[in-house]
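Undergrad: next come a sequence and a model predicted from it.
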Amino acid sequence: MSHTVQSLPDHQLAPLARAYAEAVSAKRRQVLIGLVLFVGAFIVAGIVADVKPATFFTNLWRFTDYLGRIFTLEQGPYAGRFVLFDVVEWMWGFDKWLKLLWETILIAYVGTLSGAIGGFVFSFLSARNLTPNSTIGFLAKRWLEFCRTVPEIVFALIFVVAFGLGPLAGLLAIAVHTFGALGKQFAEVAENIDMKPLDGLTATGATWTERMRFAVLPQVMSNYASYALLRFEVNVRGAAVMGFVGAGGIGQDLVEAIRKFYYADVSAILVLIVLTVMLIDLGTERLRHHFIGLENRS
């Protein structure tokens, strides 16, 4: 069956075409003005922050030169050549670095788990639709803001002063920052739940704890787990630099190699960190997708 499309007569079509052209023109003006404002803000921010593009381009060769040096062997029969010509010489500290990497992963794991537990509890207290009362919600939100606003490295410095050098300071820094970051993300997930199960349990006289357990938890658990896994990936990278301030992990050897100009050691440690993070990323990616799939099916 064929259909014939009826076109409007010209005297009716012309005003519609003009209105469409004016609407498109107005939209383009808005986009152009927005682009100009964005570029202007970008330039002003750079000027105020004293960012000098000339310095970047003048010294860019130093960066590429440094990359070239850290991937060049300094000792052995292949000294002066690319590191892959003598992998044994390049990775001379492999066993020691592997132990430090394992320590870094453990710092990230325990820190993430500890922070996630704190964020889990505070998400129910700080979520606008779940908090027992406004005062508790206000205090819980301010605490989460404090935990995630202070950078991890600053927390690590404070804990090193308080508890001394070692992994404990790094673990505490990761845990506190994760507490704040995951608490905020968890609360946002909780604020978007379906309220009907919660209203139903409230009507039966269920306590606040029972409402959280049976009406909220089933709706948010998969998202909570997904965010926690993503945070673990981030924390492995974060734990790798905790050693810069003496808070344990592979970072201690990395900063020592940088300061003492052990160029090949710098690249060896960086490559091991990158490979470790890639493996963790691949391992957790499937789990996160599984949890996201569960969320979409619910």
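TA: Structure's in. What do you need?
Undergrad: return the set of buried residues in the longest helix along the chain.
TA: Secondary structure of the chain per DSSP state H: the longest helix is helix 10-48. Neighbour counts over helix 10-48 (16 or more other C-beta atoms under 10 Å) mark no residue as buried. Quick note: C-beta positions are derived from backbone N, CA and C, even for glycine.
Undergrad: and residue 68, that's in a helix?
TA: Yes: assignment of residue 68 by DSSP: H, G, I helix; E, B strand; the rest coil places it within a helix.
Undergrad: center of this protein - which residue?
TA: residue 234 (5.2 Å; C-alpha atoms, centre = their mean).
Undergrad: in what helix or strand does that one lie?
TA: Assigned by DSSP states H and E, residue 234 belongs to helix 217-242.
Undergrad: next one: that helix to chain centre, how far?
TA: In terms of C-alpha atoms, centre = their mean, to the nearest Å, the centre of helix 217-242 is set 9 Å apart from its chain centre.
Undergrad: tell me how many other residues crowd the nearest residue to residue 208 once chain neighbours are set aside.
TA: In this structure, residue 208 finds its nearest non-sequential neighbour in residue 132, 5.7 Å apart by C-beta to C-beta, 6 or more residues apart in numbering. Using other C-beta atoms under 10 Å, residue 132 has 12 other residues around it.
Undergrad: which element is residue 132 on?
TA: Per DSSP H and E, residue 132 falls between elements, in no helix or strand.
Undergrad: surely it and residue 207 touch.
TA: No: using C-beta atoms under 8 Å, residue 132 is not in contact with residue 207, being 10.5 Å away.
Undergrad: phi first, then psi, for residue 72.
TA: Backbone geometry at residue 72, expressed as degrees, to the nearest 10, gives phi -120, psi 130.
Undergrad: then residue 204?
TA: Dihedral angles (degrees, to the nearest 10) for residue 204: phi -90, psi 0.
Undergrad: run a quick neighbour tally on it.
TA: 8.
Undergrad: residue contacts, it?
TA: With contact set as C-beta atoms under 8 Å, 6 or more residues apart in numbering, residue 204 has no partners.
Undergrad: and it, how far from residue 112?
TA: 36 Å (C-beta to C-beta, to the nearest Å).
Undergrad: using the three-state scheme, assign residue 92.
TA: coil.
Undergrad: quick check: pLDDT value at it.
TA: With respect to pLDDT, residue 92 scores 91.
Undergrad: now residue 178, nearest residue through space, not along the chain?
TA: residue 115 (2.6 Å).
Undergrad: which ones are touching that neighbour?
TA: 174, 175, 176, 177, 178, 179, 180, 181, 182, 231.
Undergrad: in helices only, show me those residues.
TA: 174, 175, 176, 177, 178, 179, 180, 181, 182, 231.
Undergrad: now tabulate those in TSV and tack on neighbour count and distance to residue 53.
TA: As requested, the ones in helices among the contacts of residue 115 are exported to TSV (neighbours: other C-beta atoms under 10 Å; distance: C-beta to C-beta, whole Å):
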residue	neighbour count	distance to residue 53
174	30	35
175	24	40
176	23	37
177	26	33
178	29	36
179	25	39
180	21	35
181	21	33
182	27	37
231	23	35
